[in-house]
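Trainee: sequence first, predicted model second:
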Amino acid sequence: MPRNLILTVEHGTASTGRKLTLSDGRPSIGGRGSGATHELVDVPAGLVYLQFERSEDDWFVEEVTNGAARLNDGPLRRTNKLAAGNVLTLPRSDQTGAVQLSVRFKSERAGFTMPTAREFMDGPYFYGLALVCMMIAGLLFLAIQDQPGAGGEGLTPAIIEEEVIALLRDETGEVARDLPGGQPRTLQEARLALRGAPDAETRDRIAADYASEVIVLMSEARRLERMRLYDEARAAYSQVVTRVGDLDARVSQTALQALNRLN
């Protein structure tokens, strides 16, 4: 079944929170004045960086400006198949960091969004508060545990997304309230935002965006640790623990192990 590619600009840029929907043709991403389908103010102007193409229900990306973009902290190959939870990284125009785009998909059927079997197999899929997601998250959490000293290498974006959404199902019964800046920063705030959402589509989006932020934070923490930027890595791991909230959750345990390792 055909599906759209949804790219979300993550934290740290002027375009944070912007969502790019790619559907047909060969859409592209570049800086201002580049002529790309989607132009971002945060990346260097005049250059096209990424070209996308859909083949049935799969999406592929190729780099236009050599050496400028990365996929999941690694270089782009000639042909790169995308999966939900992937993170694309582009240079920033001010050269102080990077612009990160998180990947997810939306299937097309009769005007509403639903998952495909391929999305469950390829990677994490943001399926809100559906019971099937809760059951899968529980099975994964029980069946796939990090071994002592393993450092959390088996903690994939799929497992993080499933576990965070499972935690969001633990309703507190509190009345929803307005959130500072409109974006939940803790598990409690995300639960309150879910309770105040007007419909199921909005709840799915809130849960998906919150889980996506945790995935990006964990990816950034690991990247900083590999680069031996230990102070920045500790700060990122601490944010993961704060966002997840439950210290017994596998995501939190992995981040806490990293903090102990870096202290």
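Mentor: Looks like it arrived, so ask away. Numbers count the residues shown, from 1 in each chain.

Trainee: domain parsing for the protein?
Mentor: Structurally, the chain divides into domains by automatic domain parsing as follows: 3-107, 126-262.

Trainee: quick one: end-to-end length of the shortest one, please.
Mentor: Spelled out, that is domain 3-107. 4 Å (Cα to Cα, to the nearest Å).

Trainee: same question, stretch 9-20
Mentor: Note: stretch 9-20 ends 8 Å apart using Cα to Cα.

Trainee: before we move on, what about stretch 187-204?
Mentor: Using Cα to Cα, the two ends of stretch 187-204 sit 15 Å apart.

Trainee: how about the domains of the chain in TSV, adding mean neighbour count?
Mentor: Glycine gets a C-beta too; all of them are placed from N, C-alpha and C. Below are the domains of the chain laid out as TSV (neighbours: other Cβ atoms under 10 Å):
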stretch	mean neighbour count
domain 3-107	17
domain 126-262	17
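
Trainee: worst mean pLDDT among those?
Mentor: When the domains of the chain are compared on mean pLDDT, domain 126-262 scores lowest, with a mean of 71.

Trainee: all strands of the chain, in order?
Mentor: 3-9, 19-22, 28-31, 38-40, 48-55, 58-63, 70-71, 74-75, 80-81, 87-91, 98-107 (DSSP state E).

Trainee: can you redo those strands as CSV with distance to Ala249?
Mentor: As requested, these are exported to CSV (distance: least, Cβ to Cβ, whole Å):
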stretch, distance to Ala249
strand 3-9, 23
strand 19-22, 27
strand 28-31, 34
strand 38-40, 33
strand 48-55, 34
strand 58-63, 30
strand 70-71, 27
strand 74-75, 27
strand 80-81, 30
strand 87-91, 21
strand 98-107, 20
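
Trainee: got a list of what the residue nearest the centre of the chain touches?
Mentor: Nearest to the geometric centre of the chain sits Ser212, at 3.1 Å (Cα atoms, centre = their mean). By Cβ atoms under 8 Å, 6 or more residues apart in numbering, the contact list for Ser212 reads 8, 10, 102, 104, 126, 161.

Trainee: closest one of these to Ala84?
Mentor: Using Cβ to Cβ, Arg104 is the member of those that lies nearest Ala84, at 4.8 Å.

Trainee: run through the bridge partners of that closest one.
Mentor: Counting by DSSP bridges, Arg104 is bridged to Ile6.

Trainee: isn't Leu168 up against Glu189?
Mentor: No: using Cβ atoms under 8 Å as the test, Leu168 is too far from Glu189 to be in contact (10.8 Å).

Trainee: rewinding a little: closest one of the contacts of Ser212 to Ala208?
Mentor: Phe126 (3.1 Å).

Trainee: can you give me the helices in the chain?
Mentor: 117-122, 131-143, 157-168, 187-196, 200-226, 230-244, 250-262 (DSSP state H).

Trainee: okay, Val244 and Leu76: tell me how far apart.
Mentor: 30 Å (Cβ to Cβ, to the nearest Å).

Trainee: and for Tyr237?
Mentor: Taking Cβ to Cβ, one finds Tyr237 at 27 Å from Leu76.

Trainee: repeat that for Val64.
Mentor: Val64 is 10 Å from Leu76, by Cβ to Cβ.

Trainee: what separates Asp94 from Val103, distance-wise?
Mentor: Asp94 is 24 Å from Val103, by Cβ to Cβ.

Trainee: ah, wrong one, I meant Ile29
Mentor: 12 Å.

Trainee: ditto for Ser212
Mentor: Counting by Cβ to Cβ, the gap from Ser212 to Val103 is 9 Å.

Trainee: now tabulate the contacts of Ser212 in TSV and tack on distance to Asp204.
Mentor: As requested, those are arranged in TSV below (distance: Cβ to Cβ, whole Å):
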residue	distance to Asp204
Thr8	14
Glu10	19
Ser102	15
Arg104	11
Phe126	7
Glu161	13
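
Trainee: ok, so of those, who is nearest Arg185?
Mentor: Of the contacts of Ser212, the one sitting nearest to Arg185 (Cβ to Cβ) turns out to be Glu10, at 14.1 Å.
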